[in-house]
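Q: based on what follows, work out the 3D shape:
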Amino acid sequence: KLKMAAVVLSAIITTLAPANTLWADVCKGDNVSSLPFCDMRLSHKERARDYVKRIPLAQKAIMMVNGAQPYPELGIPAYQWGSEGLHGPLEPCVCDNVTSICKCPTSFPCPSAMATAFNDTLYFLVGQADGREGRAINNLRNHQTQNQYGDGIDYWSPTINMQRDPRWGRNQEVPGEDPTLTGQYAVNFIQGLQGDREGLDPNHKQVLACCKHYIANSMENWKGFSRHNFNAKVSYQDLVEYYMPPFRACVMEGKSQGIMCSYNAVNGIPSCANEYLLKKTLRESWKFDGYVTSDCGAIQNEITPEPNGHGFLNSSAAGAAASVKAGTDVDCGGVYNKGIPEAVQQGLMTEEDVDVSFTRLTLMQMQLGLFDSDKDRQPYFALGAETIDSREHRQLALEAAQQSIVLLKNEKHILPLKKGTKIAMVGPHYNATEALISNYHGSRCNDNTYNCIVSPFLAVKKMNEGGMTTGTQAVNIDDNNLNNISVAVDLAKDAEVVILMVGIDQGQEREGQDRVNTTLTGLQPDLVQAILALNKPTVMVLFNGGAMALGRLKEDVPAIVDAFYGGEQGGIALADVLFGKVSPSGKLAATMYPPNYVNEIPLTDMSLTTPPGRTHMFYTGTPDFAFGSGLTYTTWDLSWAGDMQEQLTMSTKELLTNGGKVTVILANSGNSPSRQSILLFTRPLNHNKHLKQKLVAYQAVHPLSRGESTTIEFNLIGDRFTIANEKGEKILNAGEYNLMARDGVNEIVISLTLTGDSLTVM
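A: Next up, the predicted model:
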């Protein structure tokens, strides 16, 4: 799969396109322009039908891999299906040959950070910027090497697996542990990325989204288990209740055009050959009509003997047939190119089976305008360097980073800091640059470095006008090779405030590597204790993707800020928050468990309810900090609207058919302007012994000044009140519920009674 920095994808196929054959020229040649597949007066389906019948089987096979091969006979160049835009385009810097202006893609906070904003508008705008820049970069790239990874205009994003366990190495890529939040993040990001809402061209997609990794994929390489051979044993109850809802939202609400099936098997059947997942659920139940790609090497895993693969099938032909017939259209790997013709020859499938997949892929490319002869008049093909790293996108990256910072503790109101203070910043992240932009990032600086990113130290130093800001790394993140704790202590002794800049980076959590422990690594605990022994006003800033465990430190450290990986503007945003230019407003999107949690349940156990349980929905222990925790620099009054009774009553049928509404009044009763987010939960009182609560809605609130208030109306969606039974049936139970609205500190509760019969929901 993808190896960051070098951006190497070992399993993909790359070729050079024939000279002078570019997508810009498709359907313009004299030999093809009059053919039906180039006739823009026809529907996409009619054009695709004509095109597919003109392609021989062997050619289809080598066009159904991620590095799709060219077909010169019809003037079709190569195409690369593998591109990424997780939190900004994973693309190089590009130059406009006319203006000589060179631009690099904007890098937004990692998804686990942005999730803490609980702000659907933000997710949409980031997706929109991502898509605009991706399309502009594609327009400016040198397409003589058409098949290089990243050269396509379909992005294998967003990642919407669940942050069910803090040890998973890819938690930084996903928006938290909650299925409702993750689903709505996906819906809004996709609509922005594809241009489906507020797009530039109603007739074409901006970029194709692709939700991954379908499904129950949240283990990389842990204690001898590998994602390449792992069989995720998941109950139907957990599948329907927890793992499926984000993908269902991705498809049914977000209208994503792509899905990626995962490396792992689910209940014994590899995901990319799993007809229950891909055919019965995805296409038949959810009505998905887009394309499915395998994760890179996943189909090879089907035919690779254990322990290196699943050993599910024994030949390329069998793997290709099972995957194509299940609904996997693209093989990111090397099985389909030979396996498809062999499978047809051996009678394992028909060419008509192949045509179903090949037609879907053709329709996807047509939605992007690639088969149109009027590309020079289409808005998305006109996007240029002015779109990339624009002032608006940099501002959006800054606001995203500001909204993604979570203040967990602020004893004695150490924060915000005053300008003109003597500050010591100590710890391995004090001068971070590349670490801020997480994984799956593109190039950031034109000189191929990360020096254009403002580090936290430089940002704080600039903000601290009239003061003195010093800093030292003191220790490495994860080894004992550097021990300058004494230097850090000396700086701290001379300071009025100490900022501990600690956490983890890609050395501890990344694709292919899970964590074993979730506490601070290396000599960082020694550094923290040495600073705390000075009894100075101390702020601990955490940098991480997956949740950290603090243990005693949550009691001992006066002020704690979780900054995550804040993107290119993360350093500036942190300084803005520390000095009160903006108030923190983020809320934890994943539970921070105590250190011993990793010893209580194996990472390979996919159950949500195995004691002590997983996530805010089922965890029965005492967290370090709970899902939804987050302070601001002001105080708030939270109340139900005056026309609401203490007891709400409606029938199950009414809730399911028409929904409902509850209204909350939020007032800033403190002295500082601030954003805020309100989270709405439900708790069933007389059924389901395991479920503690469900998030059913949330809203971000624009900054409110001192004394200002606002009214927030929540729509109650019946499907979000359902609970899955052991058969995987979703049931809307009649009975008693509590509704809880929370702002990170305050909670208000109202009772809800659902009358009538319990209903099974499709």
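Q: rest of the way, CA atoms for contacts and neighbours
A: Noted.
Q: spit out the contact partners of residue 408.
A: 559-562, 625, 629-631 (CA atoms under 8 Å, 6 or more residues apart in numbering).
Q: which ones among those residues map onto helices?
A: Taking DSSP state H as the definition of helices, the contacts of residue 408 contribute nothing to them.
Q: now those residues: which count as buried?
A: Buried members of the contacts of residue 408, counted by 16 or more other CA atoms under 10 Å: 559-562, 625, 629-631.
Q: can you count the residues close to residue 264?
A: 32 (other CA atoms under 10 Å).
Q: now swap in the one 10 residues further on and tell me
A: Counted with other CA under 10 Å, the neighbours of residue 274 add up to 22.
Q: now swap in residue 465 and tell me
A: So residue 465, with other CA under 10 Å, has 13 neighbours.
Q: which element is it on?
A: Using DSSP states H and E, residue 465 maps to neither a helix nor a strand.
Q: isn't it right next to residue 419, touching?
A: Yes. If you go by CA atoms under 8 Å, residue 465 and residue 419 touch, sitting 5.7 Å apart.
Q: for the residue most central in space within the chain, phi and psi?
A: The structure's the chain has its C-alpha centroid closest to residue 174; by CA atoms, centre = their mean the separation is 3.5 Å. In terms of degrees, to the nearest 10, the main-chain angles of residue 174 are phi -120, psi 150.
Q: now stretch 50-67: buried residues?
A: Buried, per 16+ other CA under 10 Å, within stretch 50-67: 50-52, 55, 57, 60-67.
Q: returning to what we had before: can you pull the contacts of the residue nearest to the centre of the chain?
A: Contacts of residue 174 (CA under 8 Å, 6+ apart): 111-112, 158-163, 182.
Q: go again using 7 Å as the cut-off
A: 111-112, 159-163 (CA atoms under 7 Å, 6 or more residues apart in numbering).
Q: from residue 116, how far out is it?
A: To residue 116, residue 174 is 11 Å away according to CA to CA, to the nearest Å.
Q: what helix or strand does residue 572 sit in?
A: Counting by DSSP H and E, residue 572 is found in helix 570-578.
Q: tell me the mean pLDDT over the following helix or strand past that helix?
A: Of the helices and strands lying after helix 570-578 in sequence (DSSP H and E), the nearest is helix 615-618. The average pLDDT for helix 615-618 rounds to 98.
Q: now helix 615-618 - C-alpha only, PDB.
A: This file holds the C-alpha atoms of helix 615-618, laid out as PDB (Å, rounded to 0.1, in the frame of the first residue of the first chain):
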ATOM      1  CA  THR A 615     -16.300   3.800  22.600                       C
ATOM      2  CA  HIS A 616     -18.700   6.100  24.400                       C
ATOM      3  CA  MET A 617     -21.500   3.900  23.300                       C
ATOM      4  CA  PHE A 618     -20.500   0.800  25.300                       C
END
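Q: is residue 185 in a helix, a strand, or coil?
A: In terms of secondary structure, residue 185 is helix; the call rests on DSSP: H, G, I helix; E, B strand; the rest coil.
Q: right, and it touches residue 122 too?
A: No. Here residue 185 does not reach residue 122: they are 9.2 Å apart, not a contact under CA atoms under 7 Å.
Q: out of these two, name the residue with the larger neighbour count.
A: Ranked by neighbour count (other CA under 10 Å), residue 185 and residue 122 place residue 185 first, with 31 against 22.
Q: list the contacts for the more buried one?
A: Here residue 185 is in contact with 120, 123 (CA under 7 Å, 6+ apart).
Q: and it, how close does it get to residue 637?
A: In this view, residue 185 and residue 637 are 27 Å apart by CA to CA.
Q: output the longest helix belonging to this structure.
A: Max-length helix for the chain by DSSP H is helix 120-140.
Q: and that helix, which residues are buried?
A: Here helix 120-140 shows 120-140 as buried, counting by 16+ other CA under 10 Å.
Q: in the stretch 101-250 of the chain, which segments are predicted with low confidence?
A: Per-residue confidence for the stretch 101-250 of the chain (pLDDT under 70) gives these ranges: 144-147.
Q: run the chain-centre distance for the longest helix of the chain.
A: 14 Å (CA atoms, centre = their mean, to the nearest Å).
Q: do the same with stretch 88-97
A: 21 Å.
Q: in the chain, which helix or strand is least confident?
A: strand 8-9 (a mean of 28; mean pLDDT, DSSP states H and E).
Q: beyond that one, next helix or strand please.
A: helix 44-53.
Q: just the mean pLDDT for that next one, thanks.
A: Rounded mean pLDDT across helix 44-53 is 98.
Q: neighbours around residue 357, how many?
A: Using other CA under 10 Å, residue 357 has 21 neighbouring residues.
Q: confirm that it sits in a helix.
A: Yes. Counting by three-state DSSP, residue 357 falls inside a helix.
Q: touching, it and residue 329? I think so.
A: Yes. Residue 357 is within contact range of residue 329, at 4.9 Å (criterion: CA under 7 Å).
Q: distance of residue 431 from residue 459?
A: For residue 431 relative to residue 459 (CA to CA), the value is 10 Å.
Q: let me fix that: residue 753
A: 52 Å.
Q: same check on residue 600?
A: 40 Å.
Q: give the contact list for residue 166.
A: 546-547.
Q: pretty sure it sits in a helix.
A: No. Counting by three-state DSSP, residue 166 falls outside a helix, being coil.
Q: renumber starting at 364 from here on
A: In the new count, where the first residue is 364, that last one comes out as residue 529.
Q: next up, phi/psi of it, please.
A: Dihedral angles for residue 529 - degrees, to the nearest 10 - are phi -70, psi -10.
Q: picking that back up, what helices or strands is the longest helix of the chain leaning on?
A: Packed against helix 483-503 by the contact rule (3 or more CA pairs under 7 Å, 6 or more residues apart in numbering; DSSP states H and E) you find strand 457-458, helix 542-557.
Q: among these, which is the most enclosed?
A: Comparing those by mean neighbour count (mean count of other CA atoms under 10 Å), helix 542-557 comes out on top with a mean of 28.
Q: export only the CA atoms of that one, formatted as PDB.
A: Extracted C-alpha coordinates of helix 542-557, given in PDB (Å, rounded to 0.1, in the frame of the first residue of the first chain):
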ATOM      1  CA  PRO A 542     -21.000   6.200  13.500                       C
ATOM      2  CA  THR A 543     -23.300   9.200  13.300                       C
ATOM      3  CA  LEU A 544     -20.400  11.700  13.300                       C
ATOM      4  CA  THR A 545     -18.300   9.700  10.900                       C
ATOM      5  CA  GLY A 546     -21.300   9.300   8.500                       C
ATOM      6  CA  GLN A 547     -22.100  13.000   8.500                       C
ATOM      7  CA  TYR A 548     -18.400  13.900   8.000                       C
ATOM      8  CA  ALA A 549     -18.400  11.600   5.000                       C
ATOM      9  CA  VAL A 550     -21.600  13.000   3.500                       C
ATOM     10  CA  ASN A 551     -20.500  16.600   3.700                       C
ATOM     11  CA  PHE A 552     -16.900  16.000   2.600                       C
ATOM     12  CA  ILE A 553     -18.100  13.900  -0.400                       C
ATOM     13  CA  GLN A 554     -20.600  16.500  -1.500                       C
ATOM     14  CA  GLY A 555     -17.800  19.100  -1.500                       C
ATOM     15  CA  LEU A 556     -15.200  16.900  -3.100                       C
ATOM     16  CA  GLN A 557     -17.500  15.700  -5.900                       C
END
